[in-house]
Structure formats: C-alpha cells, structure tokens
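# Sequence and predicted structure, then a few things I'm wondering about:
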Amino acid sequence: MNTVQWIGGLLVFLGIPFFLLGTLGLLRFPDVYTRLHALAKADNVGLGLVCIGLGVQSGSVALLLKLILIWVLMLISSATVAGLIARTALARGLRPWGT
Amino acid sequence: MIPETTGPVVLFSLPLAAAIVVFIRPRWSVPVTLGSGGILLATALWVVVAVLRQGPWRQDIGGWTAPLGIGWTVDGLSAALLLLNASVGLAGAVFHAARPAARTPVRDPRFFWPLWLFLWGGLNALFLAADLFNIYVALEFVSIASVGLIGLAGGSAQAAAWRYLLATLLGSTIYLLGVALLYGRYAALDVALLAESVEPELVTVVAAALMTLGLLLKAAVFPLHFWLPAAHGRAPPAVSAVLSAVVIAAAYYLLVRLWFGPFAPLLGPGVATLLGLLGAAAVLWGGLQALLQRHLKMLIAYSTVSQLGYGLLVFPLAAAGAVQLAWTGAVMLVVAHGLAKAALFLAAGAIVLRHGIGRLEALGGDQQGAVVAWVAFAIASASLVGLPPTGGFVGKWWLAQAALATGGYFWLAVLMLGTAFTAGYLWRALQAAMRPGWETEGGFQALSPALGLSALGLALGSAALGLAAPIAARLLDAGSGVVG
Amino acid sequence: MTVYLSLSGVLFLIGLHGFFTARSLLRRLLALNVLTTAVFLLFVVLARLAEPLDPVPHAIVLTGIVVTVSTTAVALALVVRIAGRVRDEDDDAAAGPRGDAG
Amino acid sequence: MGVAGVIFDGLLALALVWLAWQATRAADLFHAVVSFIVFGLLMALAWVRLEAPDIALAEAAIGAGATGALLLSALDRLATRDGYHRVLYEPTTAWGFWIPAGGALLGGLTLAAWKLPAPGLGEEVLASLKLSGVDHPVTAVLLNFRALDTLLEIGVLLLAAVTIWSLGRAPSPLVPAMPSPALPALGRLLFPVFVLVAAYLLWRGSHAPGGAFPAGAVLGAGAILMLLAGARPWIRSSEHGPWRWILSLGLAMLLAAAVTGSLSGLAFFEYPRGAAGPMILLLEVAAGLSIALLLFALYLRGEPCEHGYREVGS
C-alpha cells in the first residue's frame, strides 16, 4: 500500500462517523425537521468523504471525477427532497419540536 | 417462384405493420384491416398447401441456428392453427366493420382495429415460434391485446378484463419459471433441440409441471376456468369469437406442442390420466354450467370450457397407444371447435344486437332479418355437437376410435355424455328462436347482412372441415412431431 | 450463489402467497411483480453459474423487465378504471346495456 | 472479499425478503408500494452482485423508477375513490387448495434447481460475437441473435400504450399537491443530465454494459420525473400530429429491418454482410427512443387529449 492509498483509506474511514451520527440523529431526534437536519447534513458530508476517499484510492483521475459528480448529484437531490419533505410536513400541520 | 419461407414472414409482419398503420391513421382502419386480412387468409392457405406438398419445415431467424438463434417451425399443426386464426380474424373484422354502431358496446371504436390486428399478429407469432422464451413474449403480447379488446366493452367488462389479466399473467410467470429451469439444465430454448436432449429427471419433471400448470390456467381448463365466462361473455362479439376460438386454442396448442415434443418421454399413464381427468371434468362441468345459463353469450362462453376438455383427452388416449388417431382427432376437434365457436359468437352477437338484449327468453318472436344468423347458429351447433358430416363429427369419430382401439371405455363415456350436454344446451338456444320473445322498446335493430354472413362463412367452414377430413388428416400427420 | 438461489425460491413463495391471499387489487399486482422478479433472479443466477458468464439470460431478463412494466402499466390503468366505475356511471350508460348486449 | 461478500449478500437477501414481505403484506397500501419501490432499488444491487450491470441499470430505471411512479400515481387516484373499497372485496376461490399445491411445487422446484449444471450459452455467444457487428455480448444477443424477441418486446410496449389509451382519456397527471419551487428547478436541472446519461449509455452499449434498453429506461424515467416536477405532458394525440408516428417508430423500424433481410434474399431478420454494425446502431437508437417515449406514454394512463390533458375540474 502506498501513500495515496493510505490517504484514500483514511478519508473513507473519516466518513464513517458522519454516517453513524446521521443515523443516530435519525433514530433519536424528536421530530421530522430535526431528523431531516441530521440526515441532510451529516450523511452528505460522510458520502463526500467516502466518495473522495474511494476516488483517491483508485488512483484514476477520471474515476475520482465521476465519484465527485455522483456526490454533487446526491447533494442536489437530497437538498431538494429534504425541502419537499419539510414543506409537506409543514403543510400537513406538523409543528416543529419545541414550538 | 416465391419460396415458401415467405409465407411465415408475411403472416408475422403484415398484421403488425397493418396495426401500426391503423394506429397512426384510424380513418383507414376498415379498408386496411380487411385488405390485409384477405392477404393473410390467402397466405395461410398457401402455407397449408405448402405443408401438404413438401412437408413441414423450419426457418432460422436472422441466419442464426438454434441454440443461439430463434427459429420458426411450420408443420401441419401450426399451419392448421394459422389458418384458423386467419379465418376467424377476417370474419370477426367483417362482423365488426358491419355492426350497427349505435348498439355496440364498444367505448372507443378507434382502438378496436389496432388491437385486433395486434392480437392477430401476436397469435401468428405464437403459432410460428419454436423458442420457449419467444413463446413467452408472444403470450404476453396476446394477453395484453386480449385485455384491451375485452376492456373495450367498458363497464363490467373491464372488471372481467382485470381478472383475465391477473390469471393470464400468473400463468405466464409460472410458465417462465419452467422455462428458466429447462434453460439451466439444457442451455437451450428451442423446442426441437430440447426434444432431442431432454432426459426424464427431476428438473424436467418440475419444469414440465410448471409450464403445464401455467398453460392450463391460460387455456381455462377446469378448475382454472373461473376467469373465462365473464371475460368471454362480456366482450364485444367479434372479440368473444377470437378469444374463444383462437386464444384458448393457442394455449392448448402449446400444451400439445410441449407434451408431444420435449416432454414426450415424461408422458406416462399417470400424467396422461390426470390431464384426461381434468379434461373430462371440464367437459361435464362446463356442459352443466352451459345448460344452466340464461344469457345466450354466457351459454356459449361456458361451452368453451366444456369443449376444450375434449382436447385434453388426447393425452390418455395417446399414452395408451393410439397416438396418431388421438392426435389427429383432438386437433381436428379443437380446430373445428374454433370455427364453430367463432361462428356461434358472431351469430349470437348479431342476434343480440338485433334484439338489444341477451336473455334467452327474450330472443324469440319475429326472426325476419336474423334468419342467416340463426342458420349459421344451427350449422355451427351441428358441428359442435358432432353431427356428420361436420368437422366436429370427424374429430369425435377419430377420438372415439382411439378410445375403442385402446379399450378406454371411460373416455368414450365422457365423449358421449359431453355430446349429450352439448346437444342439450345448444338445443335450448335454438329453441329460443321458435318461442314468442319479448317486445323490445324501439323495435328490432336492422342489421347489415354481413353480420350473419360472416358467421355463416365460419359455420360452413367448420362443417366443410368434415368433408375435407382426408386432407386434414394428411396435414396434421405432416410432421406433427408425433409421427414424424 | 446459494444465497441468491434461495432468495429466488423465497421470493417466489412470498409472491405466490401474496397473490393468493391479498384482497386488494393493487397488492395482488405487487405480489405478481415479486413473483416475476423471482423468476428473473433464477435466470440471472443460472447465467452467473455458467462458465463463461452467459449473456443470453441477461438479454432475456432485460426483455422480461420491459414486458413486465408494460403489463403492470395496463393492469394499473385497469385498476384505476374499475375502481372509478362508481363515478363513471355516465360513461357506462353511454356504452350501452352491459352484460346483456355485450 | 470472500467473507465480506458473503455477509453482504446475506444481508441484501434478508432485506429483499423483508421488503417483498412488506410489499405484499403491509397493512397500509402506501407502505406496501414504497416497500416495493425500495425492493426494486435493492434488486438493482443484487443484479450488480450477480455481474449483470445492464439489468441493474434497467431495474433501477424501470423497476424502481417508472413502475414506482406508475404505482404511486395509481395509488393517489385510488385514494380519492369512494368506490374503491367496494371493489376491494373479492371472493376467493379454493385458495385453500392452491396454496399447499404451490408449496409442494416450490419444494420440488428447490430440489430441482439445487443441482442445475447451468451449462449456459456463453461459449456460443463468444464464438459468434465477431460476426454479430457489436462487441458487447448482451447487445449482440438482444439485437442480433434474438432480435425477434426484441421486436415483439417493443411491440408489447406499443400495444400496452394502445391498450391504455383505449381505456379512455388521460386524467390529469399526478402533480405534487405541494409544489415547491425547488422541484421544478431540480427537474430543469436534471433533465439534461438524463439525456446525457442516456446518450452515454447508448454509445457504450456497443462495447460495454449499457445500450438501448437501459438508455431508453433512463430517458423515460427522466421524462416521468419532469412530469412529476410539474411540467405539462407534451404528447398530444392529434390524428395528424407526429406523436403516433414517433411512438410507433421503434416497432416500425425493427419490422422494416427484419423484412429487409427477407427481401434481399437472406433469412428473416438477417442483416446484410458488413452492414450489421451500422444497422444495429440505428435500431438501437430507434429502440431506445421508443422505449423512453412509450414508458412516458404508459405513465399518462389514458389517451392524451388534443390539448394536453383534461383540466381537473372540467
């Protein structure tokens, strides 16, 4: 294993806690909005780290770019979907926690 | 000289091409359908003659030979069914074109024609196919087209269409599972190739059981017939005709193809008796139900359940040794039934259209203008009952001979009892014409003579089949897979 | 591969069970789709077991998926129509007496 | 990879079984449909594990995407019907007999499938690949060796569209009840990506996994997504309009190619020597486009009206 692969592995490893925290938030937070918050924030960072890590580890620039593209698409869609869910919840009359 | 391999190409491509034209230009529907229908009938006749002259042949698609490529087989069996399909297709199209638009329960007449042609093409593709997966796709094709045509009647017909769709989809899925097993064992999908390599072992038995179950469901064999009466009874007349005559026969055709082809080594007395008993039960149960029906079209629909039962008698009789007689007799009976049943549905459609109501008690009274339809009904009934010299008689005669030759007196009794039932319910229908009927508001609908004539043509065809019995026997023997 | 072979069998059983016990029209359709997927899975497992990898089942399953989505779409359109029959009474009246004249 | 692979496969299988069970048994119909969609997505993973990337692509786009959209929109329409519950009740016939029968069959099936030798046709395909005009085996099977299946399959799609149209006029398509400004923006942003991905898959199809089917599926799913994001459907059913032509194009071209073989003295569907490559490419583009359009047409669930669709209140 050379240095590049070590760096990649480290990045992937760094991504894992974000996923864990996001999942923990999903399970433990009190309402839809806070859960969305946990998922949309933490998981996206985790995914970014994993993608970049895998790309670096592969040693191919094209593959790295492809993985980053996947991450960007995921960011866009998760942002939109989170917004949609939150709006629908609001429209259905779910009040945010604590208000 | 055009090579005979052009025949199947025309039979496959023309209906699909015509369907596309009719879909794009609904205004040209009737001329395009009737024109291509005429060509298709002529081509089917030509194929029959070619098979009679030079025996069966096989055609490879795309120049690839079997296990890799797909093939078509044209033999006596497929040629007979192609001809049946073309006759019913053309007669049904004439009927539908001539129907009085006001009383026909077709929601959207523009879509009848593309669906009709698609069904025609799908059935032709099915009768030609020699590849198990190609048969699956063709089966789905036929199912969707049938569902569309049944649903055209709107209202409760759509609920019937839904039941039919579910039953037939389940049937094809079970069939496909069998195909997967066969492929996993023999790496071949071609029927002829499988027939050479199949060995009687567990995988083959399970695959055969699955495929048979799926096809029995599609053929509406008792007790899997629950979906048929509503679907066939409520569809528009021409659709009922093609469904009862050809679509059901198509599933039966596959059963025969498989059991006398790849699965022939498995056809022991046990399996054969089981299938025969199912057939016998269908004959009796369907006959009884038909006797109890109050609506003309439902009576005919139950009769389909009953009549197809005869076809299954081929298995015990063939397993007992009278392969050739049983085979020609059963196939003859199914083809004669197809023509007669289509004639019955078209005649009934014309009569019901004229009266505006389908209950048997209502159909009497003044029959001026429906005479041709009733005559067609009577001739078709004669063929269905099996009066000489009709095709139905010849088929039953051969089956009875096969039963006598093998000492299968039980099957002979079923044959006789079923005939009695058939005579009973058809007599009930014919009797209705003699009695005073109901007055319908607005009087009787004037009908185009083409309605009765299309039914009469089919009925005469079914009767003439009996006169052409020697030719039919020669055709069915031509590479039927059993004798060849 | 044993895992996927078993999976195919279990899915087939679930689909069959669902198909025969479900009352809801839509649920039956879902069960039928599960059933079809199980058959496709068997095909692909067989392709994977073959040496070298067999592309024919892959093509078969691709064809099958498209056929299945077609049948599903037709079935769904029918479900929506028959469920809506109560509302579409006018259309039916225009279509003529049903059952009798059919 | 060994142990991790087995664990992954096992977990995947368990999840699939759970989702299939939910899809057929869940008390709430919405829950069932969503389970089924997720089931489709996970199936895509299973296809990848089984080295069938083409199927994975098609499953993700069709099995989960298009079918999911169809199911959800049907569900939405059913939810507003009063009559639905009446149709819900169906008398079941003799199922007590059929379930044991099915179980017995399955037992036999498992016994039979366990020892399948699965010889496969891989060798034959590879041997004939050079003559087929393409380098990717699956594409060669689909558009050369078993092109007749493909023709019938496109026929089934067109037929399904005609059947659905025959059932009546299209109701207004399902548009989310709570439109968010982000959704149409996302649709606009993503549609070019869909087109790009479809074109890329089509181009790849000649030598690697991809090709007309996944490409068409992706494009069709993209179009349905656009519709969900609030775009108005642009298929019109005018008799003089081009849409019926375009929808029939795939089947028509496949038929024409098939008959060309016969006319030029070769077998039905045999490509002339040397012309196989270009012809297959042409057919792929036609097939892919018609798959996309027909998937979209299926989603409309009825014949589109002259001016798009019937407005909700009218």
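Looks like it arrived, so ask away. Quick caveat: nothing in here was measured; it's all calculated off a predicted structure. Residues are numbered from 1 along each chain as shown, chains lettered A, B, ... in the order given.
# Chain neighbours aside, what residue packs nearest to the most centrally placed residue in chain B?
Nearest to the geometric centre of chain B sits B:V246, at 2.5 Å (CA atoms, centre = their mean). Distances taken as CB to CB, 6 or more residues apart in numbering or on different chains place B:N85 nearest to B:V246, at 5.0 Å, with adjacent residues excluded. Where C-beta positions appear, they are placed from N, C-alpha and C, glycine not excepted.
# any idea which element the one you found lies in?
Using DSSP states H and E, B:N85 maps to helix B:76-98.
# Check which helices and strands that helix sits against.
Contact here means 3 or more CB pairs under 8 Å, 6 or more residues apart in numbering or on different chains; DSSP states H and E; on that basis helix B:76-98 packs against helix B:29-54, helix B:112-128, helix B:237-242, helix B:248-259, helix B:323-355, helix B:449-467, helix B:469-477.
# try 10 Å
Secondary-structure packing of helix B:76-98 (3 or more CB pairs under 10 Å, 6 or more residues apart in numbering or on different chains; DSSP states H and E): helix B:6-24, helix B:29-54, helix B:112-128, helix B:237-242, helix B:248-259, helix B:323-355, helix B:449-467, helix B:469-477.
# okay if I get those as CSV plus mean neighbour count and mean pLDDT?
Listed next are the helices and strands packed on helix B:76-98 as CSV, based on neighbours: other CB atoms under 10 Å in any protein chain shown; pLDDT from 0 to 100:
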stretch, mean neighbour count, mean pLDDT
helix B:6-24, 24, 94
helix B:29-54, 18, 94
helix B:112-128, 28, 95
helix B:237-242, 30, 92
helix B:248-259, 25, 93
helix B:323-355, 28, 91
helix B:449-467, 24, 90
helix B:469-477, 18, 87
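# between those, which one is nearest to D:L202?
Distance to D:L202, taken as CB to CB, is lowest for helix B:6-24 among the helices and strands packed on helix B:76-98, at 23.5 Å.
# can you state the direction angle for that closest one and helix B:29-54?
Orientation note: helix B:6-24 sits at an angle of 170 degrees relative to helix B:29-54 (axes from the mean of the first three to the mean of the last three CA atoms, to 10 degrees).
# how much distance is there from helix B:6-24 to the middle of the chain?
Once both centres are worked out by CA atoms, centre = their mean, to the nearest Å, helix B:6-24 turns out to sit 21 Å from its chain's centre.
# quick check, that helix touching chain C?
No: Helix B:6-24 stays clear of chain C (CB under 10 Å from any CB of the partner chain), getting no nearer than 15.4 Å.
# Could I get the pLDDT score of the residue of chain A found nearest chain D?
Closest approach of chain A to chain D (CB to the nearest CB) occurs at A:T80, with a separation of 4.5 Å. With respect to pLDDT, A:T80 has a value of 85.
# Next up, identify which helix or strand it is on.
Here A:T80, judged by DSSP H and E, is contained in helix A:61-91.
# Which elements pack onto that helix?
helix A:32-38, helix A:44-58, helix D:182-204.
# What is the neighbour count of B:P388?
12 (other CB atoms under 10 Å in any protein chain shown).
# Show the contacting residues for it.
With contacts defined as CB atoms under 10 Å, 6 or more residues apart in numbering or on different chains, B:P388 is in contact with B:382, B:394, B:396-397, B:463, B:466.
# one more time with 7 Å, if that's ok
The neighbourhood of B:P388, defined by CB atoms under 7 Å, 6 or more residues apart in numbering or on different chains, consists of B:G466.
# and it, helix, strand or coil?
coil (DSSP: H, G, I helix; E, B strand; the rest coil).
# What distance do you get for it to chain C?
In this view, B:P388 and chain C are 34 Å apart by CB to the nearest CB, to the nearest Å.
# for that residue, phi and psi?
Phi and psi for B:P388, reported as degrees, to the nearest 10, are phi -70, psi 150.
# re the thing from before, now the helices and strands packed on helix A:61-91 in CSV, with mean pLDDT, distance to chain B and mean neighbour count?
Shown next, in CSV, are these (pLDDT from 0 to 100; distance: least, CB to the nearest CB, whole Å; neighbours: other CB atoms under 10 Å in any protein chain shown):
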stretch, mean pLDDT, distance to chain B, mean neighbour count
helix A:32-38, 86, 38, 18
helix A:44-58, 90, 36, 20
helix D:182-204, 82, 22, 17
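# Of all the ones you listed, which one comes closest to chain C?
For chain C, the closest of the helices and strands packed on helix A:61-91 is helix D:182-204, at 12.6 Å, according to CB to the nearest CB.
# Does that closest one reach chain C?
No: judged by CB under 7 Å from any CB of the partner chain, helix D:182-204 and chain C are separated, with a smallest distance of 12.6 Å.
# immediately after that helix, which helix or strand?
Next helix or strand after helix D:182-204 toward the C-terminus (DSSP H and E): helix D:212-228.
# which outside residues touch that next one?
C:62, C:66, D:54, D:57-58, D:61-62, D:65-66, D:69, D:173, D:176, D:187, D:190-191, D:194-195, D:197-198, D:201-202, D:205, D:233, D:284, D:287-289, D:291-292, D:295-296, D:299.
# got the CA positions of that helix in PDB?
Provided in PDB are the C-alpha atoms of helix D:212-228 (Å, rounded to 0.1, in the frame of the first residue of the first chain):
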ATOM      1  CA  ALA D 212     -30.700   0.800 -25.900                       C
ATOM      2  CA  PHE D 213     -32.700  -0.700 -23.100                       C
ATOM      3  CA  PRO D 214     -31.000   1.000 -20.100                       C
ATOM      4  CA  ALA D 215     -30.700   4.200 -22.100                       C
ATOM      5  CA  GLY D 216     -34.400   4.200 -23.000                       C
ATOM      6  CA  ALA D 217     -35.300   3.300 -19.500                       C
ATOM      7  CA  VAL D 218     -33.300   6.200 -18.000                       C
ATOM      8  CA  LEU D 219     -34.600   8.700 -20.500                       C
ATOM      9  CA  GLY D 220     -38.200   7.600 -19.900                       C
ATOM     10  CA  ALA D 221     -37.800   7.700 -16.200                       C
ATOM     11  CA  GLY D 222     -36.300  11.200 -16.600                       C
ATOM     12  CA  ALA D 223     -39.400  12.300 -18.600                       C
ATOM     13  CA  ILE D 224     -41.700  11.000 -15.900                       C
ATOM     14  CA  LEU D 225     -39.700  12.800 -13.300                       C
ATOM     15  CA  MET D 226     -40.100  16.000 -15.300                       C
ATOM     16  CA  LEU D 227     -43.800  15.400 -15.300                       C
ATOM     17  CA  LEU D 228     -43.800  14.900 -11.500                       C
END
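# and it, what's its mean pLDDT?
Average pLDDT, helix D:212-228: 81.
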